[in-house]
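> Just need the structure, nothing else, for what follows:
(chains A and B)
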Amino acid sequence: DAEITQSPRHKITETGRQVTLACHQTWNHNNMFWYRQDLGHGLRLIHYSYGVQDTNKGEVSDGYSVSRSNTEDLPLTLESAASSQTSVYFCASSARGARTEAFFGQGTRLTVV
Amino acid sequence: SQQGEEDPQALSIQEGENATMNCSYKTSINNLQWYRQNSGRGLVHLILIRSNEREKHSGRLRVTLDTSKKSSSLLITASRAADTASYFCVVGTSYDKVIFGPGTSLSVIP
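Presented below is the predicted three-dimensional model:
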């Protein structure tokens, strides 16, 4: 069965370190999204991609970057981790953005100490 | 704005009762979707309703869409404790971003 997986599920890192969160989907979807979820803020869009070599900034992109070298993967990199980036991160994919069903990973809980 | 806004923010009901939550939006849409998120888990797609549809059913879920009022409602009938979750609507437009509102937090009390 097709799926979308995130790794790691939990991560503790120190302030200032570079961290990369992985997202891998086997749906063959063009569209992929990264969100962060914090209490009181719902899911906020960090970055998204419409296809290979395409990346776009979302509403909370500062301090984050993504790259899309193939259809299956959209890794999220925190260039220099800050305590404000402690959050739960979700990756999602869909065939046609909000016009079709999106599938979500189980999330990565990141703690920056 | 491309996002929907759910209402109420929080809802608490007894098991067996019906739960209704609403979504309002501001743009023209192609479709509207509802998602559920159980605590600490990823989101799960519940139902998609297209702009030319007025009502759609899936098991105990009933979704209505009123494009003239730019609103949708999600009804969960005969609620169960397992329905305790946050519910989000996502509006589908000509843009492909998937953007979420704050959600409705539903608590079903056994």
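> Centre-most residue in the chain?
Picked chain A for this. Nearest residue to the geometric centre of chain A (Cα atoms, centre = their mean): A:Trp34, 3.0 Å.
> meant chain B actually
Closest residue to the average C-alpha location of chain B: B:Trp34 at 4.0 Å, with Cα atoms, centre = their mean.
> I'd guessed that residue sits against B:Val63; true?
Yes: shown here, B:Trp34 and B:Val63 form a contact pair, counting by Cβ atoms under 8 Å, at 6.3 Å. C-beta here means a position set from N, CA and C on the backbone, and glycine is covered the same way.
> quick one: A:Tyr35 from chain B, how far?
Between A:Tyr35 and chain B the computed distance is 8 Å (Cβ to the nearest Cβ, to the nearest Å).
> That residue pairs with what?
A:Leu45, A:Phe90 (DSSP bridges).
> Those residues of chain A touching chain B, which are they?
By the criterion of Cβ under 8 Å from any Cβ of the partner chain, the positions of chain A lying close to chain B are A:31, A:33, A:35, A:41-43, A:45, A:48, A:50, A:58, A:88, A:90, A:92, A:94, A:96-107.
> Name the nearest residue to B:Ile76, sequence neighbours excluded.
Closest residue to B:Ile76 apart from its sequence neighbours, by Cβ to Cβ, 6 or more residues apart in numbering or on different chains: B:Ala19 at 4.5 Å.
> My understanding was that the one you found contacts B:Thr84; is that so?
No: under the criterion of Cβ under 8 Å, B:Ala19 makes no contact with B:Thr84, lying 10.1 Å away.
> what residues do the two have in common as contacts?
Counting by Cβ atoms under 8 Å, 6 or more residues apart in numbering or on different chains, the common neighbours of B:Ala19 and B:Thr84 are B:Leu106, B:Val108.
> residues in contact with the residue lying closest to A:Trp34 once chain neighbours are set aside?
Nearest residue to A:Trp34, sequence neighbours excluded (Cβ to Cβ, 6+ apart): A:Ile46, at 4.4 Å. Residues in contact with A:Ile46, defined by Cβ under 8 Å, 6+ apart, are A:Trp34, A:Tyr35, A:Arg36, A:Gly58, A:Val60, A:Ser61, A:Tyr64, A:Val66, A:Leu76, A:Tyr89.
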